[in-house]
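Predicted structure and sequence below. I'll ask about it afterward.
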Amino acid sequence: MNWGSWQAFWAMGGYGGYIWGSYGALALVVIVEVVSVRARLLRARRAASPARRRT
């Protein structure tokens, strides 16, 4: 697509709010998921650590 200006690009033919809002929501969900997975991994490692010392 050929946009006439940056303003036209960001507006996306009047649908810019929906398009950029959906990208923002996706980015937020991905960030929350990454943080959640890292926290679960750390908890699992801490929980497994004493079990390894006993053997």
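Cool, got the structure. Fair warning: this is a prediction, and the values are worked out from it, not measured in the lab.

In terms of helices and strands, where is W3?
Take DSSP states H and E as the rule and W3 turns out to sit in neither a helix nor a strand.

what stretches of this protein score poorly on pLDDT?
Where the chain drops to pLDDT under 70, the residues are 1, 51-55.

Okay, helices next: where are they in it?
Counting by DSSP state H, the chain has helices at residues 6-11, 16-54.

Would you convert those helices into a markdown table that also reports mean neighbour count?
Every C-beta, even on glycine, is put in place using the N, C-alpha and C of the backbone. Shown next, in a markdown table, are these (neighbours: other CB atoms under 10 Å):
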| stretch | mean neighbour count |
| --- | --- |
| helix 6-11 | 12 |
| helix 16-54 | 10 |
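
what are the phi and psi angles of W3?
Torsion angles at W3 (phi, psi; degrees, to the nearest 10) stand at phi -100, psi 140.

My read is that it contacts G16, right?
No - using CB atoms under 8 Å as the test, W3 is too far from G16 to be in contact (11.1 Å).
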